[in-house]
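[1] my questions concern the predicted model and sequence given below.
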Amino acid sequence: IRSATTSLTRGNFAKISSSDLSFFERTVGSSYVKTKDIDNYTCDWTKQMKGSSKCVLIPSSTEETSTILKYCAEKRIAVVVQAGNTGLVGGATPLFDEIILSTSRINNNFHLEESSGVLTLDAGIILADADYLLAEKGFMMPLDLGAKGSCQIGGCIAAGAGGIRLLRYGSLHSHLLGCTLVDGKGTIIKLGGSLRKDNTSLHTAHLTIGSEGQLGVITSVTMGVVPRPISILCAMLAVSSYSHCLRLLSLARSKLGEILSSFELIDGETMKCVERHLPIKNIFNEPHDFYLLIETHGSNGDHDGEKLNEFVEEALGAELAEDGVAAHSENERTHMWRLREESPIAAAKDGYIYKFDVSLPLEHFYRLTEETRKKLGTRARVYCYGHLGDGNSHLNVTTDGEDEELKKELSPFVYNWVVSHGGSISAEHGIGQLKRDYRSLGKSEEEISLIRSLKGVFDPHRILCPYKMIPSQE
Ligand code: MLT
Ligand code: ZN
């Protein structure tokens, strides 16, 4: 999935010397300066983004991170920040010889203020681990995504992660209260705080959401968490047209109200792809054109069950759905979610993959898939799954081998189509290196100039994550 980027030249950064390595060893300890066997850091998890680096530094604290960045700023050494390395746009993969700064050892502190539901935790803590610790206290992380077993909370903030519960709990902007950031000069800055309400100035902590390491390294996060739902119910509907999917979304909003937590779409081609490549069976015996996965989070299983059954019955009665199944056990719920959460894995097994993550007004959400199919004909297979409730489509195109011609045509076609239909070229995966050539699409000159100026304030020597989301000054 390497981007068809315009050719890049290495920036005017210093090359790493042995005295630099000695300094780093004194700062973090020699075991945490890795120069060999670093493929797990220089490649992304799909192994399709391959970069190179002279060393990986794994500090254990904010202070060590600050010492490293002060030094790198002075010496003009380029640095790429890496958390769980689960991203999908190559944002954490170095391009030339940037140092990799991994946050995985900054993972000791975890403090929940139970009366307010405010959690302060180190940025390197893995999302699923944080959720596990919260479960003991009756709380839950408000965000959930397929990569939860490896992604780190700081990385989630820097990526602006969305996931499968955003419909219910809102984006990270609803949860992030404060964070500790080490900027590109090595300065430690506390942004925001731990109050749920604080309107004393600009909400600076929110600048880090989706910042992709451009402004600094997030080392600690303070955020609101939510009560763990007592009842979680799940159902799947089989649907014959996209317009019916939209009517079902409206019906779900009105019938399920505040307990509606996920409204996910899998199209018929994706479901066939899942069945072709993975040992998971469709829960419906007959194939259908669309499948919707609906989850509710609530506090009373009986009430929630009644609401969900009523919704499914009305969907079937009004012939908006062709078939419907509610999960009667945890195993059935897991089965339904595997169909959705493993859709990207199935698509990746289907051939050479071109991935897209776009936001679209709902009326255009599925038209993009149809137009892409029409354009590509038999040249490629086109799949769509995603967070329909949030207007976030994951369009995936696969070919038997890498197709240079198709690669050149596809991204400009998709991104121009999206922007001309009022959408965004990145809903939740970011820009990284995959979308760098398109990063200015849909943005005004004034906004780009403001973003560049902010970058200059936090990282005046532009050592952090070069060649990616924020265009350089020239
Ligand atoms: C998902 O929703 O499954 C993820 O964002 C991953 C992906 O689209 O590949
Ligand atoms: Zn997604």
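    Ah, there it is. Ligands and ions are numbered 1, 2, ... in the order given.

[2] which element is the closest residue to residue 62 other than its chain neighbours on?
    Using Cβ to Cβ, 6 or more residues apart in numbering and skipping residues adjacent in sequence, the residue nearest residue 62 is residue 219, 4.2 Å away. From N, CA and C alone the C-beta is placed, and that goes for glycine too. Element membership for residue 219, per DSSP states H and E: strand 216-224.

[3] likewise for residue 401?
    Counting by DSSP H and E, residue 401 is part of no helix or strand.

[4] for the spatially closest residue to it that is not a sequence neighbour, give me its contacts.
    Counting by Cβ to Cβ, 6+ apart, the nearest residue to residue 401 once its immediate chain neighbours are dropped is residue 352, at 5.8 Å. Neighbouring residues of residue 352 by Cβ atoms under 8 Å, 6 or more residues apart in numbering: 398-403.

[5] likewise for residue 462?
    Applying Cβ under 8 Å, 6+ apart, the residues contacting residue 462 are 11, 184, 455-456, 472-473.

[6] okay, these in TSV with neighbour count, distance to ligand 1 and pLDDT next?
    As requested, the contacts of residue 462 are arranged in TSV below (neighbours: other Cβ atoms under 10 Å; distance: Cβ to the nearest ligand atom, whole Å; pLDDT from 0 to 100):
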residue	neighbour count	distance to ligand 1	pLDDT
11	15	30	94
184	27	29	98
455	22	26	98
456	14	31	97
472	10	29	78
473	10	32	61
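
[7] the residues you listed: which two are farthest apart?
    Greatest spacing in those, by Cβ to Cβ: 11 and 456 (15.0 Å).

[8] which single residue in this protein comes nearest to ligand 1?
    Ranking the residues of the chain by distance to ligand 1 (Cβ to the nearest ligand atom) places residue 344 first, at 3.2 Å.

[9] what strand or helix carries that residue?
    With DSSP H and E as criterion, residue 344 is part of helix 343-349.

[10] partners of the helix or strand just after that helix in the sheet?
    Later in the chain than helix 343-349, the nearest helix or strand by DSSP H and E is strand 352-355. Partner strands and pairing direction for strand 352-355 (DSSP bridges) are strand 392-399 (antiparallel).

[11] any buried residues in the helix or strand just after the strand it pairs with, and which?
    Downstream of strand 392-399, the first helix or strand assigned by DSSP H and E is helix 404-420. By 16 or more other Cβ atoms under 10 Å, the buried positions in helix 404-420 come out as 406-407, 410-411, 413-415, 417-419.

[12] quick one: the next helix or strand after helix 404-420 to chain centroid distance?
    Using DSSP H and E, the helix or strand that follows helix 404-420 in sequence is helix 445-458. Remark: helix 445-458 is offset 23 Å from the chain centroid, using Cα atoms, centre = their mean, to the nearest Å.

[13] before we move on, what about stretch 156-166?
    Computed by Cα atoms, centre = their mean, the chain-centroid distance of stretch 156-166 equals 5 Å.

[14] restricting to C-alpha, output stretch 140-149 in PDB.
    Taking Å, rounded to 0.1, in the frame of the first residue of the first chain, the C-alpha atoms of stretch 140-149 are listed here in PDB:
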ATOM      1  CA  MET A 140     -14.900   1.500  30.000                       C
ATOM      2  CA  MET A 141     -12.700   3.200  27.400                       C
ATOM      3  CA  PRO A 142     -15.100   5.200  25.200                       C
ATOM      4  CA  LEU A 143     -13.200   4.200  22.100                       C
ATOM      5  CA  ASP A 144     -12.800   0.700  20.600                       C
ATOM      6  CA  LEU A 145     -11.100  -0.400  17.400                       C
ATOM      7  CA  GLY A 146      -9.900  -3.600  15.800                       C
ATOM      8  CA  ALA A 147      -6.200  -2.800  16.700                       C
ATOM      9  CA  LYS A 148      -7.100  -2.500  20.500                       C
ATOM     10  CA  GLY A 149      -4.700  -5.300  21.400                       C
END
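
[15] may I see the buried residues of it?
    140-148.

[16] quick one, phi/psi of the nearest residue to residue 300 once chain neighbours are set aside?
    Distances taken as Cβ to Cβ, 6+ apart place residue 231 nearest to residue 300, at 6.3 Å, with adjacent residues excluded. Main-chain torsions, residue 231, degrees, to the nearest 10: phi -120, psi 130.

[17] enumerate the residues of this protein near ligand 1.
    88, 146, 344, 357, 394 (Cβ under 6 Å from any ligand atom).

[18] and the furthest pair within these?
    Greatest spatial distance among the residues of the chain next to ligand 1 (Cβ to Cβ): 146 and 357, at 12.5 Å.

[19] shared neighbours of those two, which are they?
    Counting by Cβ under 8 Å, 6+ apart, nothing touches both residue 146 and residue 357.

[20] and stretch 327-345, average pLDDT?
    Averaged across stretch 327-345, pLDDT comes to 97.

[21] now stretch 241-260
    Mean predicted lDDT for stretch 241-260 stands at 98.

[22] need the CA coordinates for it. PDB is fine.
    Presented in PDB, the C-alpha positions along stretch 241-260 are these (Å, rounded to 0.1, in the frame of the first residue of the first chain):
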ATOM      1  CA  SER A 241     -30.400  -1.800  -1.100                       C
ATOM      2  CA  TYR A 242     -28.400   1.000   0.200                       C
ATOM      3  CA  SER A 243     -31.400   3.300   0.400                       C
ATOM      4  CA  HIS A 244     -33.000   0.700   2.800                       C
ATOM      5  CA  CYS A 245     -29.700   0.800   4.900                       C
ATOM      6  CA  LEU A 246     -30.200   4.600   5.300                       C
ATOM      7  CA  ARG A 247     -33.900   4.200   6.200                       C
ATOM      8  CA  LEU A 248     -32.800   1.600   8.800                       C
ATOM      9  CA  LEU A 249     -30.300   4.000  10.200                       C
ATOM     10  CA  SER A 250     -33.100   6.500  10.800                       C
ATOM     11  CA  LEU A 251     -35.300   3.800  12.300                       C
ATOM     12  CA  ALA A 252     -32.500   2.700  14.600                       C
ATOM     13  CA  ARG A 253     -31.900   6.200  15.800                       C
ATOM     14  CA  SER A 254     -35.600   6.700  16.600                       C
ATOM     15  CA  LYS A 255     -36.300   3.200  18.000                       C
ATOM     16  CA  LEU A 256     -33.000   2.600  19.900                       C
ATOM     17  CA  GLY A 257     -32.300   6.200  20.800                       C
ATOM     18  CA  GLU A 258     -29.500   6.700  23.400                       C
ATOM     19  CA  ILE A 259     -28.600   3.000  23.500                       C
ATOM     20  CA  LEU A 260     -27.600   2.800  19.800                       C
END
